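Engineer: 3D model of this:
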Amino acid sequence: MSQRLTFANSPATFVRRLSKYHVGALVLAYILVILMAVVFIVGCSGNIEHLAESFTPPRIATSAPTAIATSAAVVGDVAAPEPPHATFDRTFSLAQSDLTFPAMVPSQLPVGPGGYIHRWGVYETAMKWSVDEPELEPRLITDWKMDSDGLGWILKLKSGVQFHGGWGEMTAADFVWSFEDEIRETSVHSGIGLARSTGAIIEAIDTYTVSIRLNQPSSFFFEAFLSNGSGAATKIFSKARVGTLGVDDAFLDISGGTGPYVFEKWNPGDEVVLRAFDGYHGMPPYVTTVHILEIKEPATQLAALKTGQIDASLVPAPLAADIASEPHLGIQSFGIPGSQRLYPQGQFCMDRTLDGTPVQPYPRPGYAPEKPWVGDCDSAVSLESARKVRVAMSMAIDRQSIVDNILDGFGRPSYLPEVVPPLLDRVWQDRWFIPYDPDAAKILLEQAGYPGGIDALMRITTGSHPLEVEIGQAVAQFLGALGGDVTTEVLTYSGNRPSVVAREQSDLWFRSSGGGTAEPPEISQLRRNPENAFNPGMEIKEPLAIISEMDSITSSEELDEVRERLYDSFSHNMWIIPVVLADQILGMNTDKIESWRMSSGSGYLGDFENIRLK
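Structural biologist: Alright, predicted model coming up:
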């Protein structure tokens, strides 16, 4: 439902009120909601049937065939066959705000759910970031080597890896099929642009050997596709499973991974249940059962955490001290801060890809030159006016106030889009700083032809940070202070993504990402190539041309020089407006948890196999 935010006195007043709301009244409000939620949970515990028996705190680091199943496990109340597991059932439970069912076919799998299924330990990638050192270690491969010309790799697959559900042993045919399906023509996968721009070709040399070849050097390909650093990394699916079931049935089938856990059940909007896989090719997981419960409201999550219904939950910053004060609970930040940014959508100005292929359809459905932040792609004057509008919007946001009053200090201002530490700290230049200067912003708007401010609808998507709605609404208030009418609409990321893939949106989109070691922004931006599925509302040649130049560089010094040009371009044009980098705070039952060692390869809570209980 769209909600209109009334503006009281000034944005600073609004944020101070948010501060009071979060630190004072919000705490009281949350406590009241928590008390009501506790009563609800105690009285109606049937909604959370599986009580947790144990949980664990995180430590961060950087990074013969069986018979084919005759009846496939499917999403919903129909459970998969019970896998063999240890005599002692060690159970762990976690709250998640969105359990939208993913597509269990590579080409139909969005990046967000794609991250869940491998971070939760059901599907696996070729390599995984270590929990102890910032280096990749083999998972589904035993060895790899680069071709002498630097344009490819030979991967040696691990033998004896069994697919869940009786789909047989993983071989090179499965590896090849998984990669080819995720980058096929109709794929919605977020990695297709990088794969196509490098001319990637994969083939099976023998049962356990795979060759990957590119037609041009790429500094990013190996990590992007073969590590577990993002939801776009290649997860290995059973080719026989999709061939036997057909795409439509495989879409809903929850068997077929290779990881330490199997999906026992996935009820969208309710619960996901994982069980330890008795036939796992690596070290068996200590925790044998994982319950992931969808609980949308942070206050209700914390009520469940306090009463022992769950073992872990993300915690809103203003309530971190309250959780830490509980004798049996503890908190900690984990991973790298997540990027909170604003996409001024509708900037679709490429009628051809970088290699000259016509973009279809063109113009894009979401191209809206009448929007103040978009402009006419064929008019330099109009585009300059739109640039001034975007810069004005950026200068109107008091980032430090958001960090202090909403995040309660658990974060930092962001001045470069989607650039996070440690890369941010290494390459930072003072010229990228964005001052909070609403008076200068109003002057820019007047120069652009909008002396009375701009009207806008801002969509705020959820699922990554417990305060993303409050942060987005604060941004809307700051923009409204310039004189226009800015309203907000809140929806899930999954609900918003189809229109993003279709290039239909020209409104503002406030997007939150979880903490963790984010991909280099060059990879993220390259994925916004017109050939890609995901797109936040911009198709502009200038940054893509710079990134294409970076992709063939092997010297780190030269790479950083070109990277500076890329970041200068984003800083000048504000194609994406950075807001803040927000820490993720984990609340946990410290009476039950001895350790939880998580790699920082992405921002998703996971690595359940590394949990140890007291």
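Engineer: Return the set of buried residues in stretch 159-179.
Structural biologist: 161-172, 174-179 (16 or more other CB atoms under 10 Å). No exception for glycine: its C-beta is placed from N, CA and C like everyone else's.
Engineer: Out of those, which sit inside helices?
Structural biologist: 172, 174-179 (DSSP state H).
Engineer: The stretch 501-614 of the chain: strands as residue ranges?
Structural biologist: 508-512, 538-539, 577-589, 593-599, 611-613 (DSSP state E, counting those that start in this stretch).
Engineer: what's the neighbour count on the nearest residue to Pro110 once chain neighbours are set aside?
Structural biologist: Nearest residue to Pro110, sequence neighbours excluded (CB to CB, 6 or more residues apart in numbering): Arg497, at 5.8 Å. Neighbour count for Arg497, taken as other CB atoms under 10 Å: 19.
Engineer: same question, the one 5 residues further on
Structural biologist: Neighbourhood size, Ala502 [other CB under 10 Å]: 14.
Engineer: Help me confirm that it comes into contact with Pro365.
Structural biologist: Yes. Counting by CB atoms under 8 Å, Ala502 does reach Pro365; the two are 6.6 Å apart.
Engineer: hmm, back to that, can I get the strands of the stretch 501-614 of the chain in TSV including mean pLDDT, mean neighbour count and distance to Asp355?
Structural biologist: Output for the strands of the stretch 501-614 of the chain, formatted as TSV (pLDDT from 0 to 100; neighbours: other CB atoms under 10 Å; distance: least, CB to CB, whole Å):
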stretch	mean pLDDT	mean neighbour count	distance to Asp355
strand 508-512	95	24	28
strand 538-539	92	22	14
strand 577-589	92	26	29
strand 593-599	86	21	35
strand 611-613	92	20	46
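Engineer: Show me where the stretch 351-500 of the chain has its helices.
Structural biologist: 380-395, 399-405, 423-427, 438-448, 468-480, 493-501 (DSSP state H, counting those that start in this stretch).
Engineer: for Tyr343, what are its contacts?
Structural biologist: 508-511, 536-538, 576-577 (CB atoms under 8 Å, 6 or more residues apart in numbering).
Engineer: Let me see the contact set for the residue nearest to Phe225 when sequence neighbours are not counted.
Structural biologist: Leaving aside its chain neighbours, Phe225 sits nearest to Thr234 (4.8 Å; criterion: CB to CB, 6+ apart). Residues near Thr234 by CB under 8 Å, 6+ apart: 106, 125-126, 178-179, 182, 191, 225-226.
Engineer: ok, now with 10 Å
Structural biologist: With contacts defined as CB atoms under 10 Å, 6 or more residues apart in numbering, Thr234 is in contact with 106, 114, 118, 123, 125-126, 140, 175, 178-179, 181-183, 189, 191, 195, 202, 212, 224-227.
Engineer: Go through these and flag which are in helices.
Structural biologist: Using DSSP H, the contacts of Thr234 in helices are 114, 118, 175, 178-179, 181-182, 195, 224-226.
Engineer: before we move on, the earlier item: need the ones in helices among the buried residues of stretch 159-179 in a markdown table (columns: distance to Ser218 and pLDDT).
Structural biologist: Formatted as a markdown table, these follow (distance: CB to CB, whole Å; pLDDT from 0 to 100):
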| residue | distance to Ser218 | pLDDT |
| --- | --- | --- |
| Ala172 | 22 | 98 |
| Asp174 | 24 | 98 |
| Phe175 | 19 | 97 |
| Val176 | 19 | 98 |
| Trp177 | 22 | 97 |
| Ser178 | 19 | 96 |
| Phe179 | 15 | 95 |
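Engineer: for those, which one is nearest Thr554?
Structural biologist: Phe179 (23.6 Å; CB to CB).
Engineer: Report the contact partners of the closest one.
Structural biologist: Taking CB under 10 Å, 6+ apart as the definition, contacts of Phe179 comprise 106, 191, 195, 200-202, 210, 212, 225-226, 234-236.
Engineer: Check Leu566 too.
Structural biologist: 416, 521-522, 525, 542-547, 549-550.
Engineer: quick check: longest strand of this protein.
Structural biologist: Secondary structure of the chain per DSSP state E: the longest strand is strand 329-344.
Engineer: Give me the sheet partners of that one and which way each runs.
Structural biologist: Looking at strand 329-344 with DSSP bridges, its partner strands are strand 508-512 (antiparallel), strand 577-589 (antiparallel).
Engineer: State the mean pLDDT of the helix or strand just after it.
Structural biologist: Next along the chain after strand 329-344, taking DSSP states H and E as the criterion, comes strand 347-348. In this model, strand 347-348 has an average pLDDT of 95.
Engineer: Indicate each strand paired with strand 347-348 and its parallel or antiparallel sense.
Structural biologist: In the sheet, strand 347-348 lines up with strand 538-539 (parallel) (DSSP bridges).
Engineer: what's the nearest residue to Asp485 once chain neighbours are set aside sitting at in phi/psi?
Structural biologist: Nearest-residue entry for Asp485: Asp455, 4.6 Å, with adjacent residues in sequence omitted and distances by CB to CB, 6+ apart. Dihedral pair for Asp455: phi -100, psi 140, per degrees, to the nearest 10.
Engineer: do you know how far the nearest residue to Gln447 once chain neighbours are set aside is from Ala448?
Structural biologist: Closest residue in space to Gln447, ignoring its immediate chain neighbours: Lys388 at 5.8 Å, by CB to CB, 6+ apart. Distance, Lys388 to Ala448, using CB to CB, to the nearest Å: 4 Å.
Engineer: between the longest strand of the chain and helix 493-501, how many degrees?
Structural biologist: 20 degrees (axes from the mean of the first three to the mean of the last three CA atoms, to 10 degrees).
Engineer: and strand 329-344, how far out from the chain's middle?
Structural biologist: 11 Å (CA atoms, centre = their mean, to the nearest Å).
Engineer: repeat for stretch 581-596
Structural biologist: 19 Å.
Engineer: same check, this time on stretch 304-313
Structural biologist: Distance, centroid of stretch 304-313 to centroid of chain: 24 Å (CA atoms, centre = their mean).
Engineer: hmm, back to that, need the strands of the stretch 501-614 of the chain in TSV (columns: distance to Glu531).
Structural biologist: Shown next, in TSV, are those (distance: least, CB to CB, whole Å):
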stretch	distance to Glu531
strand 508-512	21
strand 538-539	10
strand 577-589	25
strand 593-599	30
strand 611-613	40
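Engineer: Those strands: which one's closest to Arg431?
Structural biologist: Per CB to CB, nearest to Arg431 of the strands of the stretch 501-614 of the chain: strand 577-589, 14.5 Å.
Engineer: Can you show me the CA trace of stretch 297-307 as PDB?
Structural biologist: Written as PDB, here are the backbone C-alpha positions of stretch 297-307 (Å, rounded to 0.1, in the frame of the first residue of the first chain):
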ATOM      1  CA  GLU A 297       8.000  -7.800  11.600                       C
ATOM      2  CA  PRO A 298      11.300  -7.200  13.500                       C
ATOM      3  CA  ALA A 299       9.400  -6.800  16.800                       C
ATOM      4  CA  THR A 300       7.800 -10.200  16.300                       C
ATOM      5  CA  GLN A 301      11.200 -11.700  15.500                       C
ATOM      6  CA  LEU A 302      12.600 -10.400  18.700                       C
ATOM      7  CA  ALA A 303       9.700 -11.600  20.700                       C
ATOM      8  CA  ALA A 304      10.300 -15.100  19.300                       C
ATOM      9  CA  LEU A 305      14.000 -14.700  20.100                       C
ATOM     10  CA  LYS A 306      13.400 -13.700  23.700                       C
ATOM     11  CA  THR A 307      11.000 -16.500  24.300                       C
END
